[in-house]
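> Quick one, fold the following:
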Amino acid sequence: MAFLQAAANKQDSGNYEIDHSCKFETANTESLTKSQTASNRRTWTLSFWFKKTKVDSALQYVFQSVVNSSTTFDLFVNGTTDWRVYEYVSGSRNIAFYSTVPLTDPSAWYHLVIACDTTQSSAADRFKIYLNGEDLTAVSGYFSTAAYPAQNYETHINNSAATLSIGKSTSASTNLCGYISELNFVDGLMKDEEDFGKYDHNGIWHPIEYTGSYGDEGYFLDFADAGDLGDDESGNGKDFTENNIAAANQANDTPTNNFCTMNPLWTYANAQVISEGGTKTLHNASTWAGAKASFGVTRGKWYWEYKTISGNGTDVIIGIQTDEGVALTGNAHNIISTAAWYIGGEFWVKDATNGRNSVDVTINSTASHNHTYGFTLDMDSSPQRISVYQNNSVINAGDNINIDGLGGKTVFPFAACYATNGITFNLGGCTISSISSAATDANGYGTFEYAPPSGFYAICTKNLAQYGG
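The predicted model follows:
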């Protein structure tokens, strides 16, 4: 199946635009919850987009309706094994779908539609699951378990005895780590995927605006109000309670403008722990650990920001690295094809087999967790260059550093940390760092502490489609 943003330069103009999403994080036990009013438990439709930025063995609950510990409707990602939709009642699973394919791309937005109508005479028509426009219940072998509900079975959706939870299990710290966007719930109607999305001429699945009825107990979460992220915009007033969710959970990273985040799938001898929607990295050992972003660029002019958040703030190295720069041994920043700045010290380019060669520039800076460090990367100039900013002022001598032997390659935002040091990344789509100015690039994309210099842009699919990547 074709995922949205499979190729950044294949976006159609005139598509329905989604401006916001909501970030969820396990460590913060963030969720949206509400009680339910009795309504149609046999016929309903759930549609939403999500981006899962953590890839490990943990369960990540996306949606749940809970009466008690033995009576639940669950939708969760089962680590790197599979993902599941089921209804559990006193030891029996009256609905059960277990995939044979895991969802492990931390840079992709997935669209899921679950449509139920247990009044249908044919079992196969009673429960449908669509992923990015494809009816998976019609794909032979996609589900290792496929148990349809009995005719006229009453689910625990719209059950007044059940509590709804989005982004977390109600009984455990098993959150979604990532983002949810454009969540529609339709009461009393079984909709299909074409009510919520369409394929473009490249075969990429895109969202469209849902324009149908929501029924009596339906709701629509667009996450547009940062002060009320549980606000229902369907007109029914079915608002959710925000649990450990604040204005900072609102993100610009959406299905129609996918932003670069840090990617846990890159291989290093020691890897940083990535959290907060792919915007925070942390290391807690006396080794150097690496982290690299999800989107690489070969051309264009790009901007992003960092802040240090723990440790001494000096044992941190930030810069760029190519897709060649991966290794199972050695320090992450000493790998060939790296251009990086040791905060408070030198900037170097390593593009040969020995040493930090070719370019070695001393940058005068005093490390501080209060500083916002900015990077500009110019892949269109000849030679290609990078500059380092501290609190909106260039701090490298000569303004621009020649990235030398990394020119012409695909490069990614990169960082390495030692001991207890940590970093928050602001790649424009979301950040947990406090932002005072909420500056955007010239196209109006991203939310930064400082406005990107003229001609430089956030690394997101809309800008990549316009300026290359």
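> May I ask which helix or strand of the chain has the lowest mean pLDDT?
strand 359-362 (a mean of 68; mean pLDDT, DSSP states H and E).
> Could you look up the next helix or strand downstream of that one?
Next helix or strand after strand 359-362 toward the C-terminus (DSSP states H and E): strand 373-378.
> Neighbours of G203, how many?
As a burial measure, G203 scores 11 neighbours (other CB atoms under 10 Å). (Each C-beta comes from the backbone N, C-alpha and C, glycine too.)
> Pass me the low-pLDDT residue ranges in this protein, would you?
The chain contains residues with pLDDT under 70 at 1-14, 325-328, 352-360, 397-399.
> My read is that N392 contacts Y450, right?
Yes. Shown here, N392 and Y450 form a contact pair, counting by CB atoms under 8 Å, at 4.3 Å.
> who touches both of these two?
372, 374 (CB atoms under 8 Å, 6 or more residues apart in numbering).
> which one of these two has more residues nearby?
Ranked by neighbour count (other CB under 10 Å), N392 and Y450 place Y450 first, with 18 against 15.
> In a helix, that one, correct?
No. Applying DSSP: H, G, I helix; E, B strand; the rest coil, one finds Y450 to be coil, outside a helix.
> Now do it against M262, distance only.
According to CB to CB, to the nearest Å, Y450 stands 20 Å off from M262.
> can you pull out the strands in the stretch 351-469 of the chain?
Ranges of strands within the stretch 351-469 of the chain are 359-362, 373-378, 385-390, 393-394, 401-402, 411-419, 422-426, based on DSSP state E, counting those that start in this stretch.
> swap that for the stretch 1-150 of the chain, sorry
With DSSP E, counting those that start in this stretch as the criterion, the stretch 1-150 of the chain has strands spanning 21-24, 31-35, 43-52, 59-68, 71-78, 82-89, 92-99, 110-117, 127-131, 134-135, 143-147.
> Buried residues, the last one. List them.
By neighbour count with 16 or more other CB atoms under 10 Å, strand 143-147 contains the buried residues 143, 146-147.
> from the residues you listed, which single one is nearest T440?
Taking CB to CB as the measure, T440 sits nearest to F143 out of the buried residues of strand 143-147, at 42.6 Å.
> May I have the beta-bridge partners of the closest one?
S99 (DSSP bridges).
> beta partners of L164?
With DSSP bridges as the rule, L164 is bridged to K34, S65.
> Okay, it and V62: tell me how far apart.
L164 is 12 Å from V62, where distance means CB to CB.
> can you check S121 too?
In terms of CB to CB, S121 sits 30 Å off from V62.
> These two: who's more crowded?
Neighbour count, other CB under 10 Å: between S121 and V62, V62 has more, with 25 against 7.
> isn't the more buried one right up against G167?
Yes. With contacts counted by CB under 8 Å, V62 reaches G167, the gap being 6.9 Å.
> Give me the common contacts of those two.
Joint contacts of V62 and G167 (CB under 8 Å, 6+ apart) are 176, 180.
> Contacts only, for I320.
By CB under 8 Å, 6+ apart, the contact set of I320 is 338-340, 375, 377, 386, 403, 406, 411-414.
> doesn't it fall inside a strand?
Yes. When three-state DSSP is applied, I320 is found to be in a strand.
> hey, what's it bridged with?
Residues in beta-bridge contact with I320 (DSSP bridges): A339, P413.
> Tell me how far it lies from G429.
18 Å.
> Repeat that for G444.
14 Å.
> Looking at these two now, which is surrounded by more residues?
Neighbours were tallied for G444 and for G429 using other CB under 10 Å; the higher tally belongs to G429 (28 against 9).
> and the more buried one, what does it touch?
G429 is in contact with 251-253, 259-261, 277, 279, 446, 458, 460, counting by CB under 8 Å, 6+ apart.
> Apply 10 Å and report the result again.
By CB atoms under 10 Å, 6 or more residues apart in numbering, the residues touching G429 are 21, 23, 51, 179, 251-254, 257-261, 277-279, 445-447, 458-460.
> which residue sits closest to it in space, ignoring its chain neighbours?
F259 (2.7 Å; CB to CB, 6 or more residues apart in numbering).
> Quick check: that neighbour touching L427?
Yes. Counting by CB atoms under 10 Å, F259 does reach L427; the two are 5.8 Å apart.
> how about E194, secondary structure?
What three-state DSSP gives for E194 is helix.
> Tell me the spacing between it and T33.
Counting by CB to CB, the gap from E194 to T33 is 30 Å.
> neighbour count winner among those two?
Neighbour count, other CB under 10 Å: between E194 and T33, T33 has more, with 18 against 12.
> Tell me how far that one lies from N426.
Distance from T33 to N426, by CB to CB: 29 Å.
> Run through the bridge partners of the residue nearest to G429.
Counting by DSSP bridges, the residues bridging with F259 are C460.
> Who are the contact partners of it?
Applying CB under 10 Å, 6+ apart, the residues near F259 are 21, 51, 107, 179, 251-253, 277-279, 293-295, 427-430, 445-446, 458-463.
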